[in-house]
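S.K.: What follows is a predicted structure for the sequence shown.
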Amino acid sequence: MTIRLTRRAALGSAAAAAAALSAPRLARASGTPLSFQFDWKFNAQFAGVFKAIDAGLSAGAGIDMTPRPWADGVNVVADVADGRADFACAEQNLIIAAQAEGAPVRAVATMFQASPYGLMTVPGGTLTGLSDLSGQTEGVHVDGVKIMAMVMGVSGIFDITVTEIPYADKFARVQSGELAAVQCYVIDEPIGVAKAIGAEPVVMRLSDAGLVSTAQTIVVSERMLADSPDMVRAAMAATFAGWAQTLADKPGTAAMVVEKFVEPGSSYADVAYQTRTLELLERYVMSGGTPGRIDPATWARGAQLMLDYGIVTALPDLGASLAERFV
C-alpha cells in the first residue's frame, strides 16, 4: 500500500470533479496565460492566489492566471511535469516522491511553512501535547498512520494506540469516549465541528509535535524555470503580495473568495467559515521568516524523516529539489 500525506485519501468525492468544471466568476485579464493547479477544492486556503488575480496583481505582472481546483484523478505534480499546468501546489512528500521517480519539477515556494495536520478532541478536553494521549487510542485516516509514526518517533512517545478510521462521523467517536482524539486538518475541519456542536474542539497541531513538512508547496517544471524564469519570479511575487493583502483584510478576502471562486452550493460557500479559515492559516503562511521561502535545511530534514518512516520510499537529489531564487 502506498501511503500519501494528503487529505484526498480521506476526502475525495464526485463533488470535486464537478468543481473542476467550474470557472472563477471573473472578467479575463490580459497577459501571458498561465494555469495554477490546486491540490484541493476552491476555498480560502488558496486565498493568496485568488487575491492576486482579483486585485490585479497577477495582471500587473503580465500574467493571466487561471486557477484550477483538484478533481478525482488529477495528479497535480504530474500535470506540471507533463506540461498540463504551469504551476501546482502539493504537500512536500508528493513532490519528493515524484522527483525521486524522475519528474522534472522543482519546488519554488510554499504557501504553508508547516503542515496543518492535527488532532482534535472534545471542547474542554486537555490536548496540549502528545503526552496527553499516553495510554489512549486516537483515530487517523489511512494517510495519518505513518504521519503518527513520525510524530511519535520524533517526540519519543510510543504508548499511544493509533487506529485507522473512516472520515464519516469521526468526531462522534470522540464525543462517545471511544477515541481520545481524531485526525483533522486544523484550518478547516474544527470549524465545521464547532458549527455543528456549538463549541470549539480542542486542537493540537502536529507541526508542534514532530511533523516536519511544508504544505501547499508550489512546483514548476524545470523547462519553465529555464525558459521563463522572470515569469516564474513575477508569479511568485504576485502570489505572496496576494497573501499579504489577504491577511490584512480577512473578512473582505473571505467574501471575495466565496463570491467569485467557491463552487455554488459548496460547504465552503460560507463567509464566516472562510474568514475563520484565514484566521487559522495565518500562522502557517507567516512562520519561518520570509513568506513563501522554503528553508533548505528544514526541507531536507522533513524529507529524511519521511524516508525514515516510510512516507516516501526514496529521495531525490535534495540539492536539486528546490529552486530557491524565485521568492
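M.R.: Cool, got the structure. Note that the structure is a prediction, hence the values are computed from the model and not measured.

S.K.: what's the closest non-adjacent residue to S207?
M.R.: A114 (3.7 Å; Cβ to Cβ, 6 or more residues apart in numbering). (Glycine included, C-beta is placed from N, CA and C.)

S.K.: quick one, strands of the stretch 51-200 of the chain?
M.R.: 63-68, 87-90, 105-112, 117-121, 137-140, 161-164, 181-185 (DSSP state E, counting those that start in this stretch).

S.K.: Check the offset of the fourth one from the chain's centre.
M.R.: Taking Cα atoms, centre = their mean, to the nearest Å, one finds strand 117-121 lying 15 Å from the centre of the chain it belongs to.

S.K.: Just name whatever secondary elements it is in contact with.
M.R.: helix 170-175, strand 181-185, helix 189-197, strand 202-205 (3 or more Cβ pairs under 8 Å, 6 or more residues apart in numbering; DSSP states H and E).

S.K.: Adjacent strands (with direction) for the second one?
M.R.: For strand 181-185, the paired strands and their directions (DSSP bridges) read strand 117-121 (antiparallel), strand 137-140 (parallel).

S.K.: For T298, which of the ones you listed is the nearest?
M.R.: strand 117-121 (16.0 Å; Cβ to Cβ).

S.K.: what does that closest one rub up against?
M.R.: In this structure, residues lying in contact with strand 117-121 by Cβ atoms under 8 Å, 6 or more residues apart in numbering are 5, 127, 133, 138, 144, 147, 171, 174, 180-186, 189-190, 193, 201-207, 211.

S.K.: redo that, cut-off 7 Å
M.R.: Residues outside strand 117-121 that contact it (Cβ atoms under 7 Å, 6 or more residues apart in numbering): 127, 138, 147, 174, 180-186, 190, 193, 201-206, 211.

S.K.: out of the strands of the stretch 51-200 of the chain, which comes closest to V49?
M.R.: Closest among the strands of the stretch 51-200 of the chain, using Cβ to Cβ: strand 63-68, at 5.7 Å.

S.K.: That closest one packs against which elements?
M.R.: Counting by 3 or more Cβ pairs under 7 Å, 6 or more residues apart in numbering; DSSP states H and E, the packing neighbours recorded for strand 63-68 are strand 32-37, helix 47-54, helix 229-248.

S.K.: Now it: average pLDDT?
M.R.: On average, the pLDDT along strand 63-68 is 98.

S.K.: for stretch 277-291, same thing?
M.R.: pLDDT averaged over stretch 277-291 gives 94.

S.K.: same deal with stretch 83-92?
M.R.: Rounded mean pLDDT across stretch 83-92 is 98.

S.K.: So which bits of that stretch are buried?
M.R.: Within stretch 83-92, the residues scored as buried using 16 or more other Cβ atoms under 10 Å are 85-92.

S.K.: would CSV of the helices and strands packed on strand 63-68 with mean pLDDT, mean neighbour count and distance to D72 be doable?
M.R.: Formatted as CSV, the helices and strands packed on strand 63-68 follow (pLDDT from 0 to 100; neighbours: other Cβ atoms under 10 Å; distance: least, Cβ to Cβ, whole Å):
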stretch, mean pLDDT, mean neighbour count, distance to D72
strand 32-37, 98, 19, 14
helix 47-54, 98, 26, 22
helix 229-248, 98, 20, 26
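
S.K.: could these be laid out in TSV, adding distance to P67?
M.R.: Shown next, in TSV, are the helices and strands packed on strand 63-68 (distance: least, Cβ to Cβ, whole Å):
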stretch	distance to P67
strand 32-37	5
helix 47-54	6
helix 229-248	11
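
S.K.: P264: which of the ones you listed is closest?
M.R.: Among those, helix 47-54 sits nearest to P264 (Cβ to Cβ), with 15.8 Å.

S.K.: any weak-confidence spans in the chain?
M.R.: Counting by pLDDT under 70, the chain contains low-confidence residues at 1-29.

S.K.: domains of it?
M.R.: 8-114+213-326, 117-208 (automatic domain parsing).

S.K.: ranking those domains by burial, who's on top?
M.R.: Compared across the domains of the chain, domain 8-114+213-326 shows the largest average neighbour count, a mean of 20 (mean count of other Cβ atoms under 10 Å).

S.K.: now it: how far from the chain's centre is it?
M.R.: Averaging C-alpha coordinates over domain 8-114+213-326 and over its chain gives two centres that are 8 Å apart (Cα atoms, centre = their mean).

S.K.: And stretch 313-327, by the same measure?
M.R.: 19 Å.

S.K.: mind saving the C-alpha coords of it as PDB?
M.R.: The C-alpha coordinates for stretch 313-327 follow below in PDB (Å, rounded to 0.1, in the frame of the first residue of the first chain):
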ATOM      1  CA  THR A 313      10.300   5.200  -0.400                       C
ATOM      2  CA  ALA A 314      13.200   7.100  -2.000                       C
ATOM      3  CA  LEU A 315      14.700  10.600  -2.000                       C
ATOM      4  CA  PRO A 316      15.700  12.700  -5.000                       C
ATOM      5  CA  ASP A 317      18.900  14.700  -5.000                       C
ATOM      6  CA  LEU A 318      17.800  17.200  -2.400                       C
ATOM      7  CA  GLY A 319      20.300  19.700  -3.600                       C
ATOM      8  CA  ALA A 320      18.400  19.900  -6.900                       C
ATOM      9  CA  SER A 321      14.900  19.600  -5.300                       C
ATOM     10  CA  LEU A 322      14.500  23.300  -4.600                       C
ATOM     11  CA  ALA A 323      14.800  26.400  -6.800                       C
ATOM     12  CA  GLU A 324      15.200  29.000  -4.100                       C
ATOM     13  CA  ARG A 325      15.900  32.200  -6.100                       C
ATOM     14  CA  PHE A 326      12.300  32.800  -7.100                       C
ATOM     15  CA  VAL A 327      10.900  34.300  -3.800                       C
END
